[in-house]
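**Student:** Okay, sequence plus prediction incoming.
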Amino acid sequence: MSIRPVLETRRAKPTMEGAGVRLHRAFGFTDPSEQDPFLMFDDFRGDHPSDYMAGFPWHPHRGIETITYVLAGSVEHGDSLGNAGSLGAGDVQWMTAGSGILHQEMPSGDKQGRMHGFQLWANLPSNLKMTAPRYQDIKGTDIPEVIDDDGTRVKVITGAFWGQRGPVDGIAADPQYLDIFVPAGLKKTFKIDTYRRAFAYVFDGSAFFTDASAPTGVLLEKEVMGQEVNIRDMSGNRTLVRFGSGDEVTVQAGEKGVRFLLISGAPIQEPVAWHGPIVMNTQEELMQAFRELRNGTFIKPAH
């Protein structure tokens, strides 16, 4: 057994998407090989409707899969194929855009005005870029949760873990998507298949993610006795943790415990041509997609 080393920790950066939704981006629109098969990860949350109500009006996707996980509030969605529905707290939607789809996602807050969710983009291999679009809408009540004797809780959204299998299946990246809570002060190790690319995203509490040498936190600039110094801080809210190779991840929870997503998938290792919501393998395929958007042939007839 080998513990995966921490390659990097970094804070998600504030940005704006859609028609004016304030969110934090952990990664995306940089080097697509860094997190292959994953392309982008966004954390959208707000306590005020002005943060999210503008939503994500009609927009296209091709060549990817999008995974939306809602923690608070709801997201109304609809698409060019006539599908429509609502994701509530705890629900997951896995959308395979495939050959192309136009859709919209419109968030709403809960009774306290809060809205919180995540969206992950996963790449599709070349042989599935033009597959037929499809949805998997999963209710939170259908997502298995495993509770260990020490109080550790794991929701298994995709993949197999601790004897449970997540309800989302048939995904090209063969992902494992876990929502994990580790109680205060506890040190816990989680197994991940060696061949997978893996990252964690902390969204509540704090923790050290350790490797064979020493705990690794976020390198922060802080003022100590009037001097600016760089120190290692525990990985806390909105922190991305990238792991190297190995078959285990070890976490030491902070004084309030920690809740994080642990996500891994099989690298596709193919060329990426990417502009906005369309991801292909070559520039010619990308230009063809935008030509089809302009001339009205982007949406392919069902077979």
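**Tutor:** Cool, the structure landed.

**Student:** residues near residue 259, how many?
**Tutor:** When neighbours are counted by other CB atoms under 10 Å, residue 259 registers 19. C-betas here are computed from N, CA, C, even on glycine.

**Student:** Ok, residue 79 next?
**Tutor:** With other CB under 10 Å as criterion, residue 79 counts 20.

**Student:** And the helices in this protein?
**Tutor:** 283-295 (DSSP state H).

**Student:** middle-most residue in it, spatially?
**Tutor:** For the chain, residue 120 is the residue whose C-alpha lies nearest the centre (CA atoms, centre = their mean; 3.3 Å).

**Student:** Can you tell me how far that residue is from residue 158?
**Tutor:** Plainly put, residue 120 is 10 Å away from residue 158 if you go by CB to CB, to the nearest Å.

**Student:** ok, now residue 83?
**Tutor:** Counting by CB to CB - residue 83 and residue 158 are separated by 20 Å.

**Student:** When these two are compared, which one has more neighbours?
**Tutor:** Applying other CB under 10 Å to residue 83 and residue 158 shows that residue 158 carries more neighbours, namely 27 against 15.

**Student:** how close does that one get to residue 192?
**Tutor:** With CB to CB as the criterion, residue 158 and residue 192 are 13 Å apart.

**Student:** Residue 84 too?
**Tutor:** Residue 84 is 36 Å from residue 192, by CB to CB.

**Student:** More neighbours: those two, which one.
**Tutor:** More crowded of residue 84 and residue 192, by other CB under 10 Å: residue 192, with 22 against 11.

**Student:** and the more buried one, what does it touch?
**Tutor:** Counting by CB atoms under 8 Å, 6 or more residues apart in numbering, residue 192 makes contact with 4, 176, 198, 243, 246, 247, 248, 249, 262, 264.

**Student:** quick check, nearest of the residues you listed to residue 35?
**Tutor:** Top of the list for closeness to residue 35, among those and by CB to CB, is residue 198 at 9.2 Å.

**Student:** Not counting sequence-adjacent ones, nearest residue to the closest one?
**Tutor:** residue 264 (3.8 Å; CB to CB, 6 or more residues apart in numbering).

**Student:** Looks like that neighbour contacts residue 195 (just checking).
**Tutor:** No - using CB atoms under 8 Å, residue 264 makes no contact with residue 195, being 9.3 Å away.

**Student:** These two: who's more crowded?
**Tutor:** Taking neighbours as other CB under 10 Å, residue 264 and residue 195 compare with residue 264 leading, 25 against 12.

**Student:** pLDDT wise, what is that one at?
**Tutor:** Residue 264 is assigned 96 on the pLDDT scale.

**Student:** any idea how far residue 77 is from it?
**Tutor:** Look at residue 264 and residue 77: by CB to CB, they are 26 Å apart.

**Student:** One more: residue 257?
**Tutor:** Separation of residue 257 from residue 77 (CB to CB): 32 Å.

**Student:** Tell me which of the two has more neighbours.
**Tutor:** residue 77 (22 against 18).

**Student:** The more buried one reaches residue 102, doesn't it?
**Tutor:** No - here residue 77 does not reach residue 102: they are 11.7 Å apart, not a contact under CB under 8 Å.

**Student:** Show me the shaky parts of the chain.
**Tutor:** 211-234, 303 (pLDDT under 70).

**Student:** run the last query once more with 90
**Tutor:** 1-3, 30, 78-85, 134-136, 168-175, 195, 210-237, 300-303 (pLDDT under 90).

**Student:** Quick check: longest strand in it by residues?
**Tutor:** When the chain is parsed with DSSP state E, its longest strand is strand 248-265.

**Student:** chain center to that strand: distance?
**Tutor:** With CA atoms, centre = their mean, to the nearest Å as the basis, strand 248-265 stands 15 Å off its chain's centre.

**Student:** got the buried residues for that strand?
**Tutor:** Buried positions in strand 248-265, judged by neighbour count with 16 or more other CB atoms under 10 Å: 249-254, 257-265.

**Student:** Can you tell me which of those residues is nearest residue 181?
**Tutor:** Nearest member of those to residue 181, counting by CB to CB, is residue 259, at 4.6 Å.

**Student:** so how far is residue 181 from the closest residue in space to the closest one that isn't next to it in sequence?
**Tutor:** Counting by CB to CB, 6+ apart, residue 204 is the residue found nearest to residue 259 once chain neighbours are left out, at 4.0 Å. For residue 204, the distance to residue 181 (CB to CB) stands at 8 Å.

**Student:** between those two, which one's more packed in?
**Tutor:** It is residue 181, of residue 204 and residue 181, that has more neighbours when counted by other CB under 10 Å, with 18 against 14.

**Student:** and that one, what does it touch?
**Tutor:** Listed by CB under 8 Å, 6+ apart, the contact partners of residue 181 are 152, 153, 154, 257, 258, 259.
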